[in-house]
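A.B. asks: Sequence first, then the predicted structure, then my questions.
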Amino acid sequence: MRISQQIFPRPVLLVVSVDGRGRENIMPASFVMPVSFSPKYVAIAIAPERQTFSNLKEVGEFTANVATLEMLDQVKVCGSYSGRDVDKFSMVMLTKVPSKKIRPPGIAESPITLECVIVHMELFGDHYLLVGKVVEEHVRRREFNPLLHYTGDYYMEARVLKS
Ligand SMILES: Cc1cc2nc3c(=O)[nH]c(=O)nc-3n(C[C@H](O)[C@H](O)[C@H](O)COP(=O)(O)O)c2cc1C
């Protein structure tokens, strides 16, 4: 049984990175977690074979863009191709927004974009754990329906429980 079937659901972030020549790439990640409130840190786990990982090793910055239910189709496309082979930004209808403090752009359709600078990178098994310090944040909407990942091609939606 995969760990993704044991620990779920997990929010989906669209991680935007650039290589040394400024070529942008976008990939969904659900092995993600908040690490600290203040200052904010966020951790993501990225497999070394991803183009995103090569980019992050070269340019230690990324934007973490929260994915919503409406972005499911784009998430699937960005998770099915590698930036090594295609320009995913031109394949999906997502709008780049220049970041304030880092090179990778954010995504306008995302309600929340966190600009992150990588402060730690360490291999654990088949993924690298990357910890990013949030150096700028963009809150476009406070109310949204986060897209949640189960495993493989299975997704879930969130429901708020009244206490
Ligand atoms: C919903 C979803 C979540 C994913 N989560 C991760 C993850 O946390 N870490 C990872 O390395 N790959 C994850 N993947 C796989 C990558 O997104 C996928 O391999 C992608 O094509 C890599 O693109 P790249 O080579 O352009 O970086 C996920 C895919 C999907 C669809």
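C.D. replies: Good, I have the coordinates. Numbering: from 1, shown residues only.

A.B. asks: Leaving out sequence neighbours, find the closest residue to residue 66.
C.D. replies: Leaving aside its sequence neighbours, residue 66 sits nearest to residue 112 (C-beta to C-beta, 6 or more residues apart in numbering; 4.3 Å). All C-beta spots, glycine's among them, are computed from the backbone N, C-alpha and C.

A.B. asks: Hmm, residue 146 and the one you found touching each other?
C.D. replies: No. Residue 112 lies out of contact with residue 146 (C-beta atoms under 8 Å); the separation is 9.4 Å.

A.B. asks: Just say helix, strand or coil for the closest residue to residue 92 other than its chain neighbours.
C.D. replies: Setting aside the residues directly before and after it, residue 92 is nearest to residue 74 in space (C-beta to C-beta, 6+ apart), at 4.2 Å. For residue 74, the assignment made with DSSP: H, G, I helix; E, B strand; the rest coil gives helix.

A.B. asks: Count residues in the vicinity of residue 1, would you?
C.D. replies: By other C-beta atoms under 10 Å, the residues close to residue 1 number 6.

A.B. asks: Contact partners for it?
C.D. replies: Contacts for residue 1 (C-beta atoms under 8 Å, 6 or more residues apart in numbering) come out as none.

A.B. asks: try it again with 10 Å
C.D. replies: Contact analysis of residue 1 by C-beta atoms under 10 Å, 6 or more residues apart in numbering lists residue 151.

A.B. asks: One more: the one 3 residues further on?
C.D. replies: Applying C-beta under 10 Å, 6+ apart, we find residue 4 in contact with 10, 30, 31, 149, 150, 151, 152, 154.

A.B. asks: anything in contact with each of residue 112 and residue 146?
C.D. replies: 13, 66, 67, 68.

A.B. asks: Show me which of those is closest to residue 139.
C.D. replies: Set against residue 139, the nearest of the shared contacts of residue 112 and residue 146 by C-beta to C-beta is residue 66 (10.0 Å).

A.B. asks: so that closest one makes contact with residue 142?
C.D. replies: No. Using C-beta atoms under 10 Å, residue 66 is not in contact with residue 142; the gap is 11.4 Å.
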